[in-house]
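*Asks:* kindly return the folded structure for what I paste below:
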Amino acid sequence: MESYFKTKKPYLDPELTLQTLSLKCGIPKHHLTQLLNTRFNKNFYQFINGFRVEEVIEKIPEHLNDPLLDIAYKCGFNSKSTFNNYFKKITGLTPSEFKKSQDLSA
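*Replies:* This next block holds a predicted model:
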């Protein structure tokens, strides 16, 4: 599952749903939910948005002059509040704080 996400990057689709992912992976929805809960200890949204945050983090250094929300939308987020909430939960920093830390180290 992780390798599928890293190679195919389905999380870049802002319209990705559990149903769509189930069809793409060929895994029944209830099995997919169980896999995410037991193997990764995350629900669907936590799992997907974790990959999206990682993608944003990868893109920030090469897009320091771009607005963070533009980067977030390119990485599959379709809501500013969801982006900000998950980014802070995962990194411990707001997106702006993170970007500033990247800019200073450049």
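*Asks:* which helix or which strand is home to K59?
*Replies:* Using DSSP states H and E, K59 maps to helix 44-59.
*Asks:* mind checking how far that helix is from the chain centre?
*Replies:* Computed by CA atoms, centre = their mean, to the nearest Å, the chain-centroid distance of helix 44-59 equals 2 Å.
*Asks:* buried residues in it?
*Replies:* Buried positions in helix 44-59, judged by neighbour count with 16 or more other CB atoms under 10 Å: 44, 47-57, 59. No exception for glycine: its C-beta is placed from N, CA and C like everyone else's.
*Asks:* nearest to E15, of those?
*Replies:* I48 (11.4 Å; CB to CB).
*Asks:* will you turn the buried residues of helix 44-59 into TSV that also has pLDDT and distance to K8?
*Replies:* Output for the buried residues of helix 44-59, formatted as TSV (pLDDT from 0 to 100; distance: CB to CB, whole Å):
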residue	pLDDT	distance to K8
F44	96	16
F47	95	14
I48	96	13
N49	97	17
G50	96	16
F51	96	11
R52	97	14
V53	98	18
E54	96	15
E55	97	13
V56	97	18
I57	96	19
K59	95	18
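*Asks:* contacts for the helix holding K59 next, please.
*Replies:* Residues from elsewhere that reach helix 44-59, judged by CB atoms under 8 Å, 6 or more residues apart in numbering: 5, 9, 11-12, 16, 18, 21, 32-33, 36, 40, 42, 68, 71-72, 74-77, 82-83, 86-87, 90-91, 95, 98.
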